[in-house]
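> A structural model of the following input is requested.
(one chain, ligands or ions: 3)
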Amino acid sequence: MLFRSGAAAAMVVAATACGGAVPTHSDPACTSLVCSTLLPAAAPDDSETNDCAYRARNQWWLDYVAGSLTWDERAREHPVTVAIFDDGADTGHVDLRNQLWSNAREASGTPGVDDDGNGFVDDVHGWDFVDEDPIVAPQGECLGRPQHGTFMASLIAAERNNRRGIAGAGADGARVMIMRVAGCGRDARDRADPARLVRALQYATRMGARILSFSAHWNDTTAQLDAAFAEIADRPDSPHAALVVASVPNKGEPTAGYPAAYPFRRIIRAIPIGDEDTISPGVSPVAPGLNFGAPSACVVGATSGPDRFGVSHGSSNSTAILAGLLAGIWSSPDYVMSTPEEFVTQVIEGRMHHTKRRSRPGSRPPFLEGVALADACLLEKSERAARVCAEGAAVAIMIP
Ligand SMILES: [Ca+2]
Ligand SMILES: [Ca+2]
Ligand SMILES: [Ca+2]
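Numbering: from 1, shown residues only. Ligands and ions are numbered 1, 2, ... in the order given. As a prediction, the model looks like this:
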């Protein structure tokens, strides 16, 4: 699923050749999947979680980053808002409808009136910057098509313990704000133009998003876009400060594109991990920094339709999984009061780099050697950590 054009800042959803989420006739969520060699295959001992994909052990990708350790009902009181910049999302999906960021004054306000005076009328769950309306769910020609944004939102925050589908690492701690910045087709309206992205960035941070998730990238930029990202991701005391989780494509592109290419302090890059615990072949080179491995292939999530799930392969998945994990950690009682800058310097830099778990460097040297695995084991919940966090559960490579 692509948003292609030759224009500046054309945005490409970072899916692999498999093309993002493919709806299937028989939902795979609850049928055992065998499409990955990644460890650990075993689920944590959490008999209280009833989502069928989880019980079917199809959420190995969540286990891989120990994402279930972030689940904590206390986080629901103060969730972290994660904005996704994508082609919208199905707000009625069974695993998403209760997991959305909500603009309280609009949700309880008057239809047709800008109740909170932010310049957007009836913006309850986000905004559609393509059609300039508050409807972020697929409509019209987009109905029934695979929804990249729906899949991403589910990996971040799918509801747990509703017996359906999957559960995201941010099931308790994340709520998703939907920034529809690209359409579902390939005409001019579907290009994520720079001015549209800038407006969406401003909206998201003004309305309280603390993590901005980009399962998409673009190769050319503008001064206006650069300035917006610098304000959000670099200036320590910015009122618009947030974490930017950026995808790194894995289809052999010579450069990772933006926003991964920005050298800013709060840019966190998701490095796709494929089979055999290794970095995906074909991943684009990136600079050293906050680069964290997360699974990419054989990932089950929500797709088009109110109750549909599919399997997807691609670096988009790594990005959303990482964003959900970070939201889950950030929303924990220990860290929820941290500013974005504090969360980066004290939690991500200060602790994650010291985890013993590491992904293998992969076969393509040398730029990604020793990528640290984003790892919720650092939350140290020993009662559920035993199997997933045991040494040897993932390959350990020490970084000098
Ligand atoms: Ca409004
Ligand atoms: Ca209203
Ligand atoms: Ca669920």
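> from now on I want contacts and neighbour counts done on CA atoms only, so please keep to that.
OK.
> pLDDT score for residue 387?
Per-residue pLDDT puts residue 387 at 45.
> roughly how far apart are the residue nearest the centre of the chain and residue 128?
Centrality entry for the chain: nearest residue to the mean C-alpha point is residue 320, 1.9 Å, by C-alpha atoms, centre = their mean. Distance, residue 320 to residue 128, using C-alpha to C-alpha, to the nearest Å: 20 Å.
> wasn't residue 85 part of a strand?
Yes. Secondary structure of residue 85 (DSSP: H, G, I helix; E, B strand; the rest coil): part of a strand.
> next up, the contacts around the residue lying closest to it once chain neighbours are set aside.
Closest residue in space to residue 85, ignoring its immediate chain neighbours: residue 179 at 4.9 Å, by C-alpha to C-alpha, 6 or more residues apart in numbering. By C-alpha atoms under 8 Å, 6 or more residues apart in numbering, the contact set of residue 179 is 83-88, 126-129, 136, 200, 204.
> what does the chain put close to ligand 1?
114, 116, 118, 120-121 (C-alpha under 5 Å from the ion).
> show me which of the residues you listed are buried.
114, 120-121 (16 or more other C-alpha atoms under 10 Å).
> of those, closest to residue 284?
Nearest to residue 284 among those: residue 120, at 37.5 Å, using C-alpha to C-alpha.
> could you pull out the strands in this structure for me?
For the chain, the strands defined by DSSP state E cover 12-13, 22-23, 80-86, 126-128, 174-180, 211-214, 216-217, 243-247, 267-273, 291-295, 299-302, 309-312, 372-373.
> check the ones you listed for me: which has the lowest mean pLDDT.
Across the strands of the chain, strand 22-23 has the smallest mean pLDDT, namely a mean of 44.
> pretty sure the residue nearest to the centre of the chain contacts residue 213?
Yes. Using C-alpha atoms under 8 Å, residue 320 is in contact with residue 213, at 6.7 Å.
> sorry, back to before: residue contacts, the residue nearest to the centre of the chain?
Contact partners of residue 320, counting by C-alpha under 8 Å, 6+ apart, are 152-153, 155-156, 213, 215.
> intersect these with the contacts of ligand 3.
Okay, of the contacts of residue 320, nothing touches ligand 3 (C-alpha under 5 Å from the ion).
> reformat those residues as JSON lines; add neighbour count.
Shown next, in JSON lines, are the contacts of residue 320 (neighbours: other C-alpha atoms under 10 Å):
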{"residue": "152", "neighbour count": "33"}
{"residue": "153", "neighbour count": "36"}
{"residue": "155", "neighbour count": "32"}
{"residue": "156", "neighbour count": "34"}
{"residue": "213", "neighbour count": "28"}
{"residue": "215", "neighbour count": "30"}
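> wait, which of those residues is closest to residue 250?
After measuring the contacts of residue 320 against residue 250 - C-alpha to C-alpha - the closest member comes out as residue 215, at 12.1 Å.
> and the nearest residue to residue 282 once chain neighbours are set aside, how far from residue 67?
Among residues not flanking residue 282 along the chain, residue 252 sits closest, at 4.2 Å (C-alpha to C-alpha, 6+ apart). Computed as C-alpha to C-alpha, the residue 252 to residue 67 distance reads 29 Å.
> quick one: end-to-end length of stretch 97-107, please.
14 Å.
> wait, stretch 158-173
11 Å.
> got it, and stretch 305-316?
20 Å.
> next: stretch 95-112.
Terminal-residue distance, stretch 95-112 (C-alpha to C-alpha): 28 Å.
> is there proximity between it and ligand 2?
Yes. Counting by C-alpha under 5 Å from the ion, ligand 2 is contacted by stretch 95-112 at 106, 109-111.
> residue 280 touches residue 272, doesn't it?
Yes. Counting by C-alpha under 8 Å, residue 280 touches residue 272, with 5.7 Å between them.
> any common contacting residues for these two?
residue 250.
> the residues of the chain next to ligand 1 in helices, which ones?
Of those, none are assigned to helices by DSSP state H.
> quick one: which of those residues is nearest to residue 346?
Distances from residue 346 to the residues of the chain next to ligand 1, taken by C-alpha to C-alpha, are shortest for residue 118, at 32.9 Å.
> residue contacts, the closest one?
By C-alpha under 8 Å, 6+ apart, residue 118 has no neighbours at all.
> for ligand 1, what is the nearest residue in the stretch 151-300 of the chain?
residue 207 (10.0 Å; C-alpha to the ion).
> returning to what we had before: the strands of the chain: which one's closest to residue 346?
Closest among those, using C-alpha to C-alpha: strand 243-247, at 13.6 Å.
> identify the residues contacting the closest one?
14, 210-217, 232-233, 258-260, 266-271, 315-316, 318-319, 322-323, 340.
> what about the residue of the stretch 151-300 of the chain closest to ligand 1, how many neighbours?
Neighbour count for residue 207, taken as other C-alpha atoms under 10 Å: 17.
> distance of it from residue 52?
In terms of C-alpha to C-alpha, residue 207 sits 34 Å off from residue 52.
> hang on, the earlier thing: between residue 252 and residue 67, point out the one with more neighbours.
Set residue 252 next to residue 67 and count neighbours by other C-alpha under 10 Å: residue 67 wins out with 29 against 12.
> now the contacts of residue 179 as TSV including distance to ligand 3?
Listed next are the contacts of residue 179 as TSV, based on distance: C-alpha to the ion, whole Å:
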residue	distance to ligand 3
83	20
84	19
85	22
86	21
87	22
88	20
126	22
127	25
128	26
129	28
136	21
200	28
204	26
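> biggest separation within these, which pair?
Using C-alpha to C-alpha, the two most remote members of those are 87 and 204, lying 15.4 Å apart.
> between the two, which is the more surrounded one?
Remark: of residue 87 and residue 204, residue 87 carries more neighbours, 30 against 26, as counted by other C-alpha under 10 Å.
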